[in-house]
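[1] Okay, here's the prediction I keep looking at, along with the sequence it came from:
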Amino acid sequence: MGFLEDEPANVPTCVKASDDKGHNVGISTRVPSEWVRHIDTLMKDRDLPYFNRGDLIRDAVFKHLKFLSDWGDEQHHSAYYSISALVRSQLADKTHEEFEKLMGIVEKNVTAYLELGDKDQAKRYVTKIVHLIERMPNTYWKDVYYIRLHKKYPGLLGLVSCAKW
């Protein structure tokens with residue numbers, strides 16, 4: 001690929017929107033709203049050479065195409081998979097930490113509702129938490145969270161689907 005000239009991978013560049021002959025093609029895609037917020041946060045950094053979201057995205061695609069074109073290197077594969085495994089592990093740990101915090105808050109709130117004698121509100125609250133868990137990606141932790149809520153609050157789950165348990 002002629003357009004993948006050798007550039008330092010760690011230096012942000014502003015990749016032109018057109019080739020040397022002025023040709024370009026518009027493409028569009030949908031991305032999660034969190035990505036857009038992250039891109040906008042990055043755009044506020046005045047040290048980056050991007051004028052708009054398109055510049056940043058074009059540069060990211062350019063760098064990734066370069067990465068993929070170099071994919072044949074065996075050392076590159078093993079380093080990529082090692083880093084990916086480490087990142088996935090850290091994300092799983094972070095997710096679990098956040099869940100433990102959430103469970104602490106859930107327990108505190110459910111206990112408060114039950115102490116006030118409002119079992120219906122406690123049930124609505126636990127049901128809301130179950131619905132939040134249902135929106136999570138299907139992972140090991142999602143099942144762990146379902147099981148934990150089911151064991152901790154079997155009388156409060158009401159009509160909430162227990163198919164996973």
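    Sure thing, it's come through.

[2] in this structure, which residue is closest to the centre?
    Nearest to the mean C-alpha position of the chain, by C-alpha atoms, centre = their mean, lies residue 34 at 7.9 Å.

[3] Return the distance of that residue relative to residue 103.
    Distance of residue 34 to residue 103, given as C-beta to C-beta, to the nearest Å: 23 Å. Where you see a C-beta, it was placed from the backbone N, CA and C, and this is true even at glycine.

[4] Likewise for residue 39?
    In terms of C-beta to C-beta, residue 39 sits 32 Å off from residue 103.

[5] just residue 17 next, same as before
    Taken as C-beta to C-beta, the span from residue 17 to residue 103 is 48 Å.

[6] try residue 114
    Relative to residue 103, and taking C-beta to C-beta, residue 114 is found at 16 Å.

[7] Tell me where this protein is predicted with low confidence.
    1-15, 45-46, 70-81, 158-165 (pLDDT under 70).

[8] Residue 17 and residue 103 - which one has more neighbours?
    residue 103 (15 against 11; other C-beta atoms under 10 Å).

[9] quick one: secondary structure of the residue nearest to that one when sequence neighbours are not counted?
    In space, and not counting its chain neighbours, residue 103 is closest to residue 148: 6.9 Å by C-beta to C-beta, 6 or more residues apart in numbering. Look at residue 148: counting by DSSP: H, G, I helix; E, B strand; the rest coil, its state is helix.
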